[in-house]
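Colleague: what shape does this take:
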Amino acid sequence: MVTFIQAIILSIVQGITEWFAISSSGHIAIFENLFDIHDLGFVVYLHFASVLGVVILFWKDIVNLFVEKKWSYIFKIIIAVIPVAIVGFLVKEQVEKAFSNLIFVGIFYIISGFFIYSTKYARQIKRHPSISDSIFIGVSQVLALFPGISRSGMATGSGLILGLKKEEAIKFSFLLAIPIVFGASLLESSEITHLTLGFPALLTSFTLTLLTSLLTIKLLIRIIKSDKFYLFGIYNFILGVILIVWGLTGGFY
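Modeller: Below is the predicted model:
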């Protein structure tokens, strides 16, 4: 059972790590094990708050896709969603088991670290993603199913590595996040019925996650535009090493 204080901490952690390229699932796994709790319903609930932050900040881009009838762009987003939707359904149990294994989480963080750091050498040569770019970005999202590999990091990082301009990599990543995060949360939404927190705690948690998400997204955009996105790779690598050492010395379960 999540206490009010734990709920506040997890809400802030979710709001920050969902959009920074440092894996929200990895951090939630760490904190859940530190607190000796596992409340999937609460995590799902917080994800709805996170994705609302994207909708608020990118509502003009969302509306323009339909008003200007950018069906080709919408199709590319759909293509990028398909791989993670299919694989996510097939490996659901394996993903859930990975949350309790500190060494696995650490390995995934190191993989993510190397990938994100490689964006330091990316060159901007494209204004819009191609069909093949969408497929590549979509496949990268499959890895992000596992704790320690950031969905935001893989999507944005893939866009940068493929040569997309920063603004386009940012926009495509966040527009892609809406169906992926919302869809995954919707599939697990039945877990929310098991929540034991009272309404004041739930409202506070939702609000904190939403506000933190809004601030984090704005800051992330600045970081990407200032060519500092690769620094998340260093953070992930260091955290991955720490988690592996912790796991080998008896951390987690």
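Colleague: going by C-alpha atoms from here, please, whenever you check contacts or count neighbours.
Modeller: Noted.
Colleague: helices of the stretch 151-253 of the chain, start to end?
Modeller: Taking DSSP state H, counting those that start in this stretch as the criterion, the stretch 151-253 of the chain contains helices spanning 151-161, 166-187, 199-225, 231-248.
Colleague: and the third one, what does it pack against?
Modeller: If I follow you right, that is helix 199-225. Helices and strands touching helix 199-225, as assessed by 3 or more CA pairs under 8 Å, 6 or more residues apart in numbering; DSSP states H and E, comprise helix 4-17, helix 40-57, helix 166-187.
Colleague: can you tell me which of those comes nearest to Ala201?
Modeller: The closest of the helices and strands packed on helix 199-225 to Ala201 is helix 4-17. By CA to CA, the value is 6.2 Å.
Colleague: which neighbouring elements make contact with the closest one?
Modeller: For helix 4-17, where contacts count as 3+ CA pairs under 8 Å, 6+ apart, the packed elements are helix 24-35, helix 40-57, helix 199-225.
Colleague: list the buried residues for it?
Modeller: Buried residues in helix 4-17, counted by 16 or more other CA atoms under 10 Å: 4, 7-8, 10-17.
Colleague: now stretch 88-107
Modeller: For stretch 88-107, burial by neighbour count (16+ other CA under 10 Å) applies to 88, 98-107.
Colleague: what lies in contact with it?
Modeller: Surrounding stretch 88-107, the residues in contact under the criterion CA atoms under 8 Å, 6 or more residues apart in numbering are 26, 29-30, 33, 142, 145-148, 239-248, 251-253.
Colleague: ChimeraX command to pick out the buried ones of the residues you listed?
Modeller: Provided next is the ChimeraX selection string for whichever of the contacts of stretch 88-107 are buried by 16+ other CA under 10 Å:
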select :26,29,30,33,142,145,146,147,148,239,240,241,243,244,247,251,252
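Colleague: just name the shakiest helix or strand of the protein by mean pLDDT.
Modeller: Of all regular secondary-structure elements in the chain, judged by mean pLDDT, DSSP states H and E, the least confident is helix 92-98 with a mean of 68.
Colleague: after that one comes which helix or strand?
Modeller: Secondary structure here is assigned by DSSP states H and E; on that basis, the next helix or strand after helix 92-98 toward the C-terminus is helix 102-117.
Colleague: from the chain's centre, how far out does that next one sit?
Modeller: Averaged C-alpha coordinates place helix 102-117 at 14 Å from its chain's average position (CA atoms, centre = their mean, to the nearest Å).
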